[in-house]
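Student: I would like to see how this sequence folds:
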Amino acid sequence: MNGFIDRHNLVCAVYFAVWTEGHIETQGVDIVLSVGGWGEGMPDHPRHIIALRCRVSDGPPQFMVLDPIEHGIADDWANEETKFLGDLVRRENALRHPDMDEVFRLAEHVVHNDRRINMALRIA
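Tutor: Alright, predicted model coming up:
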């Protein structure tokens, strides 16, 4: 399942989410965010892909940055058809990425505002 996030009527990110019914409590929801030059006039800000896992226990959603190679995400997202989404960012690089705070804010927006993910995670 997928969607996009807009600001001021301009797309600022696209996302893809996947989960396995019956295993959300243990496995969570994986979210692949493509952030960067989506908006008009943004060609100098290259797109990149960061993968996160979201879990909810007794509090707010918690996010963990995933390594796309170790979690098999690269198998699906590193090919010619998805090249336009940007380069995959390894976990250790994502944790140091200057836009990481914004990536977490975008991920929170996704889980709270996409009804499908919200229902899967059972967030009120």
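Student: in the one helix or strand in the chain whose mean pLDDT sits lowest, what counts as buried?
Tutor: When the helices and strands of the chain are compared on mean pLDDT, DSSP states H and E, helix 73-77 comes out lowest with a mean of 77. If you call a residue buried by 16 or more other Cβ atoms under 10 Å, then helix 73-77 has these buried ones: 73, 74, 77. Bear in mind the C-beta positions are built from the backbone N, C-alpha and C, glycine included.
Student: got a list of what the first one touches?
Tutor: Translated: residue 73. Applying Cβ atoms under 8 Å, 6 or more residues apart in numbering to residue 73 gives the contacts 30, 32, 51, 66, 88.
Student: let's go with 10 Å and repeat that
Tutor: Contact partners of residue 73, counting by Cβ atoms under 10 Å, 6 or more residues apart in numbering, are 16, 18, 30, 32, 49, 51, 66, 67, 88.
Student: just checking, what packs against the longest helix along the chain?
Tutor: Of all the segments of type helix in the chain, defined by DSSP state H, the longest one is helix 100-113. Where contact means 3 or more Cβ pairs under 10 Å, 6 or more residues apart in numbering; DSSP states H and E, helix 100-113 is packed against strand 2-7, strand 10-18, strand 29-35, strand 48-55, strand 62-65, helix 91-94, helix 115-121.
Student: got CSV for those, with distance to residue 103 too?
Tutor: Listed next are those as CSV, based on distance: least, Cβ to Cβ, whole Å:
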stretch, distance to residue 103
strand 2-7, 11
strand 10-18, 8
strand 29-35, 6
strand 48-55, 5
strand 62-65, 9
helix 91-94, 8
helix 115-121, 16
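Student: would you format these as CSV with mean neighbour count and mean pLDDT included?
Tutor: Shown next, in CSV, are the helices and strands packed on helix 100-113 (neighbours: other Cβ atoms under 10 Å; pLDDT from 0 to 100):
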stretch, mean neighbour count, mean pLDDT
strand 2-7, 13, 87
strand 10-18, 18, 88
strand 29-35, 23, 93
strand 48-55, 22, 94
strand 62-65, 15, 95
helix 91-94, 15, 96
helix 115-121, 15, 89
